[in-house]
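Asks: One predicted model, sequence on top.
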Amino acid sequence: NAGVTQTPKFQVLKTGQSMTLQCAQDMNHEYMSWYRQDPGMGLRLIHYSVGAGITDQGEVPNGYNVSRSTTEDFPLRLLSAAPSQTSVYFCASEAGGRGNEQFFGPGTRLTVL
Amino acid sequence: AQSVAQPEDQVNVAEGNPLTVKCTYSVSGNPYLFWYVQYPNRGLQFLLKYITGDNLVKGSYGFEAEFNKSQTSFHLKKPSALVSDSALYFCAVRDMMRGYGQNFVFGPGTRLSVLP
């Protein structure tokens, strides 16, 4: 049981480039989320999904797109990278229902030059 | 809107001493409260949660937390700290009165250093 996996672990982009951060989970969880972690700010929700084919915006969605074609996968796309998107990105999954905890991937450290 | 405060950026404690990492919260309804730990270059790991019932919750690695409704607090505690407990600790609150994308808020984190 791999849990939540993310690729790549590290990435350096130039301003204006696009890329996709991959996230997969093998726990058959309904809910999946993308967060960014910046120093002193905790985790902020970018986008989330409550099931295949259903996505919605979180607190800081601008500059990012998501899709959820399968239960397992939830990729995050950066459309045109900006230095303000330099951050550590975490994917998380959660079984549906009240009070469940989230399971986090190992993170992707992204630097935009 | 719900919020979480962790008033200390850094907590230092000697190995073997008790440790406390503080968390206070604000929600409109009944809170679901969580503690997570993050080791260097790793994702967050779940430690414990309070949903309902006994105010003292026990979790992984000997950690426990006490829910105090009147003080709106959920402090993380451990009777005897280990050097290996050194990490970044996050408190999170879920306000079940709000929809899924708006109901999970993390605090800014507290860095715990346990000194040998």
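Replies: Okay, I see it.
Asks: from here on, contacts and neighbour counts on C-alpha atoms
Replies: Fine.
Asks: Near chain B, which residues of chain A are found?
Replies: By the rule C-alpha under 8 Å from any C-alpha of the partner chain, the part of chain A lying against chain B is A:40-45, A:48, A:56-59, A:90, A:98-99, A:101-107.
Asks: From those residues, which land in strands?
Replies: If you go by DSSP state E, these have A:43-45, A:48, A:56-57, A:90, A:103-104 in strands.
Asks: Can you turn the buried part of those residues into a PyMOL selection?
Replies: With 16 or more other C-alpha atoms under 10 Å in any protein chain shown as the criterion, this PyMOL line picks the buried residues out of those:
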select buried, chain A and resi 43+44+45+48+56+57+90+103+104
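Asks: Out of the ones in strands among the residues of chain A next to chain B, flag the one nearest to A:Met19.
Replies: Of all these, the one sitting nearest A:Met19 is A:Phe90; the distance, using C-alpha to C-alpha, is 15.4 Å.
Asks: What's opposite B:Thr24 in the beta bridge?
Replies: B:Ala5, B:Ser73 (DSSP bridges).
Asks: export stretch B:22-40 as CSV, just CAs?
Replies: C-alpha atoms of stretch B:22-40 as CSV (Å, rounded to 0.1, in the frame of the first residue of the first chain):
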residue,chain,number,x,y,z
LYS,B,22,-0.3,25.2,22.0
CYS,B,23,-3.3,25.6,19.7
THR,B,24,-6.4,27.7,19.9
TYR,B,25,-9.2,27.8,17.4
SER,B,26,-12.3,29.6,16.3
VAL,B,27,-15.2,28.0,14.5
SER,B,28,-18.9,28.7,14.2
GLY,B,29,-20.1,25.2,15.0
ASN,B,30,-18.7,22.2,16.8
PRO,B,31,-15.0,21.7,15.9
TYR,B,32,-13.2,18.6,14.7
LEU,B,33,-9.6,19.1,15.8
PHE,B,34,-6.4,17.5,14.4
TRP,B,35,-2.7,17.5,15.1
TYR,B,36,-0.2,16.6,12.4
VAL,B,37,3.6,16.3,12.5
GLN,B,38,6.0,17.1,9.6
TYR,B,39,9.6,15.8,9.7
PRO,B,40,12.2,17.5,7.4
